[in-house]
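model this:
(one chain, ligands or ions: 1)
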Amino acid sequence: MYVKIEGINKSFLDEKNQPIKVLEDINIDIDKGSFVSIVGPSGCGKSTLLYLIAGLEQTDTGSIYVNGKKVTKPGPDRVVVFQEDGLFPWLTVLENIMYGLKLKNIPITTAKEKALDILKLVHLSKYSQSYPHQLSGGMKQRVAIARSLVTEPDILLMDEPFSALDEQTRMVLHHELLEIWKKTKVTIFFITHNIREAVQLSEKVIVFATRPGQIKETFTITTTKDGMMPDSITLNTEQKILAILQSEIVKVLKEEMGDDYSLKTNQLHHSDRNDLGSHI
Ligand SMILES: Nc1ncnc2c1ncn2[C@@H]1O[C@H](COP(=O)(O)OP(=O)(O)OP(=O)(O)O)[C@@H](O)[C@H]1O
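Have a look, this model is predicted:
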């Protein structure tokens, strides 16, 4: 198994120094080159799990192995792509992409060659000399993805990377991300609130229950992936996941707003083919 997440438990201290359990007995196996998504209610520990894999947080108990090696700290084999692009505004697109290579002391000509290659992959060659403020949100996020890929990591850890983008741009980026995934064979671990996004992009969707985050159900998605219009299998799986999450979200809301809170079903959004689908 390429990534093995074994018996993870994780707590944080709240403002009164009391431990709050965020993840409970999480076990996940991820194949090399696969695309796995996590969906779940807000606060169920999705980002925490991603940071644990990245080595940015430590487990209380349990271990994570990548390629047989225990994760204890961040490493060049794992890079995180955040919701915000995090580009340096004073550097051009090309310089932003070359930045990580410079830190690794890669000779400038090789770094430039690699950066230009990766820019081609995200279809932004024309913008190599532009500055981030001259690009749209979607373009900036493509640069951020290119910057993550240029150091040739084995795993892309993506934390809601498209949630700040409009729906049309998201659709384009879905298509692009799938192309990149197929070409580079990078392993992708993807967190999203958008159920359709998860189902359309991933081979495996893991649904988390509310805090402490536990795995509620895992779906294997076998449809051909092109990021375009959803087929009936996608829509059907989306409905199933939405139904599971509805009961989990009611639990969260009751915890936050009191037992008499009731959720009207139309407060959770489901639609068919005309937009990007159900989100939570
Ligand atoms: N460093 C920290 N210190 C204390 N509590 C934390 C810390 N990081 C996360 N938490 C708490 O852990 C819980 C899980 O947070 P996390 O961000 O992993 O959830 P999430 O499922 O990604 O949420 P969302 O979908 O809203 O982004 C939350 O209650 C959060 O406040």
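
Can the lengthiest helix in the chain be said to contact the ligand?
Determined from DSSP state H, the single longest helix within the chain is helix 232-257. No: Helix 232-257 does not reach the ligand (C-beta under 6 Å from any ligand atom); its nearest approach is 10.0 Å. For the C-beta atoms, the positions are set from N, CA and C on the backbone; glycine is no exception.

Show me what the strand or helix carrying L156 pairs with in its sheet, parallel or antiparallel.
L156 is part of strand 155-159, with elements assigned from DSSP states H and E. Strands adjacent to strand 155-159 in the sheet, as given by DSSP bridges, are strand 78-81 (parallel), strand 187-191 (parallel).

Would that strand count as contacting the ligand?
No: Strand 155-159 is not in contact with the ligand by C-beta under 6 Å from any ligand atom; minimum separation 7.6 Å.

tell me the domain ranges of the chain?
Domain segmentation of the chain under automatic domain parsing yields 3-77+154-267, 88-152.

near the ligand, which residues of this protein show up?
Counting by C-beta under 6 Å from any ligand atom, the chain comes close to the ligand at F12, V22, G40, S42, G43, C44, G45, K46, S47, T48.

for the protein, what spans make up the helices?
Remark: helices assigned in the chain by DSSP H are 46-54, 93-103, 108-121, 137-149, 167-184, 195-201, 232-257.

Show me what the first one packs onto, helices and strands only.
Identification of packing neighbours for helix 46-54 by 3 or more C-beta pairs under 8 Å, 6 or more residues apart in numbering; DSSP states H and E yields strand 3-13, strand 19-30, strand 35-39, strand 61-66, strand 78-81, strand 155-159, strand 187-191.

The shortest one too?
For helix 195-201, the helices and strands in contact under the criterion 3+ C-beta pairs under 8 Å, 6+ apart are strand 35-39, helix 167-184, strand 187-191, helix 232-257.

What strands line up against the first one, and which way round?
On the basis of DSSP bridges, the sheet neighbours of strand 35-39 come out as strand 187-191 (parallel), strand 204-208 (parallel).

got a markdown table for the ones you listed, with mean pLDDT and distance to P74 too?
What follows is the strands paired with strand 35-39, written out as a markdown table (pLDDT from 0 to 100; distance: least, C-beta to C-beta, whole Å):
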| stretch | mean pLDDT | distance to P74 |
| --- | --- | --- |
| strand 187-191 | 96 | 14 |
| strand 204-208 | 95 | 23 |
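
In JSON lines, list those along with mean neighbour count.
Listed next are these as JSON lines, based on neighbours: other C-beta atoms under 10 Å:
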{"stretch": "strand 187-191", "mean neighbour count": "24"}
{"stretch": "strand 204-208", "mean neighbour count": "23"}
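
can you redo these as CSV with distance to D31?
Below are these laid out as CSV (distance: least, C-beta to C-beta, whole Å):
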stretch, distance to D31
strand 187-191, 8
strand 204-208, 9
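
My read is that M1 contacts S34, right?
No: look at M1 against S34 with C-beta atoms under 8 Å: they stay out of range, at 10.6 Å.

Tell me how many other residues crowd T109.
Per other C-beta atoms under 10 Å, the neighbour tally for T109 reads 8.

what's the weakest-modelled helix or strand in this structure?
Here the helix or strand of the chain ranked lowest by mean pLDDT, DSSP states H and E is helix 232-257, holding a mean of 81.
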